[in-house]
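Undergrad: All I have is the shape, not the residue letters:
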């Protein structure tokens, strides 16, 4: 049976504030206030999941916003909403602590590239509760005008692009017990220009694991386009939506069937 296609409302955090970045650029920040208050607004809609990213931790590996994440986790538990958290999770101790204290699924990016055995060990201990963050660019350098069809994985809060290809990561973890992948085209993130349908199709068609799309959603039509794509690939199971919700481009009433 095909999984339900879900929308994951997103809360990104910098310095204790809910923010959105433009294409992962830490100097292009839009602030939306207290993340806990934003979470309360989201939770009022009786959704299944919330997606939270500690961008400070993604950049440095230090969990500076953990107290805020814990408050959101407590709210989610009260309302029977599941919580997916990413950002700077690079050690077993941090991962186990999160998964044991109210976080339902964690998203790991940098450590999946630098320490694959960490993912293998963690997913054996918590099967189905670890996702890999596949944040990708189509060139190795922002200034490179030769955009390729290859998808390169970005690391360290998107501040650097590795030479590791997305397809290599998919091969590395296909036999593991991970949940799947959060796939983000960085060039579209925060741009409200729609998701990278070709890239997502390539990713979803190259794995049997679940794939959640991210980056660029601007309207209900973008979400419907993805849902149609999910009918073709079967394992594209959802999409993360941030800026479009914060900027009121998308209303929760439009999303009721996906929450």
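TA: Received the coordinates, thanks. Just so it is clear, the model here is predicted, and its values are computed rather than measured.

Undergrad: Could you use CA atoms for every contact and neighbour count after this?
TA: OK.

Undergrad: show me what contacts the spatially closest residue to residue 217 that is not a sequence neighbour?
TA: Closest residue in space to residue 217, ignoring its immediate chain neighbours: residue 194 at 4.7 Å, by CA to CA, 6 or more residues apart in numbering. Applying CA atoms under 8 Å, 6 or more residues apart in numbering, we find residue 194 in contact with 188, 215, 216, 217, 218, 219, 222.

Undergrad: nearest to residue 126, of these?
TA: When the contacts of residue 194 are compared for distance to residue 126 (CA to CA), residue 215 wins out at 27.1 Å.

Undergrad: give the contact list for that closest one.
TA: Residue 215 touches 184-186, 188-192, 194-196, 240-241, counting by CA under 8 Å, 6+ apart.

Undergrad: Counting neighbours, which of the residues you listed end up buried?
TA: 184-186, 188-192, 194-196, 240-241 (16 or more other CA atoms under 10 Å).

Undergrad: of the contacts of residue 194, the lowest pLDDT goes to which?
TA: Minimum pLDDT across these is recorded for residue 188, with 80.

Undergrad: Give me the neighbour count for the residue lying closest to residue 259 once chain neighbours are set aside.
TA: Among residues not flanking residue 259 along the chain, residue 47 sits closest, at 4.7 Å (CA to CA, 6+ apart). By other CA atoms under 10 Å, the residues close to residue 47 number 23.

Undergrad: Over to the one 4 residues further on?
TA: Burial of residue 51 is recorded as 22 neighbouring residues (other CA under 10 Å).

Undergrad: State the pLDDT value of it.
TA: 98.

Undergrad: and if you look at residue 213?
TA: 95.

Undergrad: related to what we said a few turns ago, roughly how far does the residue nearest to residue 259 sit from residue 41?
TA: Plainly put, residue 47 is 11 Å away from residue 41 if you go by CA to CA, to the nearest Å.

Undergrad: Same question for residue 248.
TA: 13 Å.

Undergrad: and if you look at residue 210?
TA: Computed as CA to CA, the residue 210 to residue 41 distance reads 28 Å.

Undergrad: Comparing these two, which residue is more hemmed in?
TA: Taking neighbours as other CA under 10 Å, residue 210 and residue 41 compare with residue 210 leading, 18 against 11.

Undergrad: What segments of the protein are strands?
TA: Secondary structure of the chain (DSSP state E): strands at 6-14, 17-22, 25-31, 49-54, 82-86, 105-108, 130-137, 152-155, 160-165, 180-185, 210-214, 236-241.

Undergrad: Paired strands for the fifth one, with orientation please.
TA: Meaning strand 82-86. strand 49-54 (parallel), strand 105-108 (parallel) (DSSP bridges).

Undergrad: Now render those strands as JSON lines, adding distance to residue 26.
TA: JSON lines is the format used below for those (distance: least, CA to CA, whole Å):
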{"stretch": "strand 49-54", "distance to residue 26": "13"}
{"stretch": "strand 105-108", "distance to residue 26": "19"}
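
Undergrad: Could you tell me the per-residue confidence at the closest residue to residue 227 other than its chain neighbours?
TA: Distances taken as CA to CA, 6+ apart place residue 5 nearest to residue 227, at 6.7 Å, with adjacent residues excluded. pLDDT recorded at residue 5 is 91.

Undergrad: just residue 154 next, same as before
TA: On the pLDDT scale, residue 154 gets 80.

Undergrad: mind listing what it touches?
TA: Counted by CA under 8 Å, 6+ apart, residue 154 has contacts 110, 134, 135, 136, 137, 160, 161, 162.

Undergrad: Please identify which of the residues you listed is nearest to residue 102.
TA: Closest to residue 102, out of all of the contacts of residue 154 and judged by CA to CA, is residue 110, at 22.7 Å.

Undergrad: give the contact list for that closest one.
TA: Here residue 110 is in contact with 88, 90, 154, 155, 156 (CA under 8 Å, 6+ apart).
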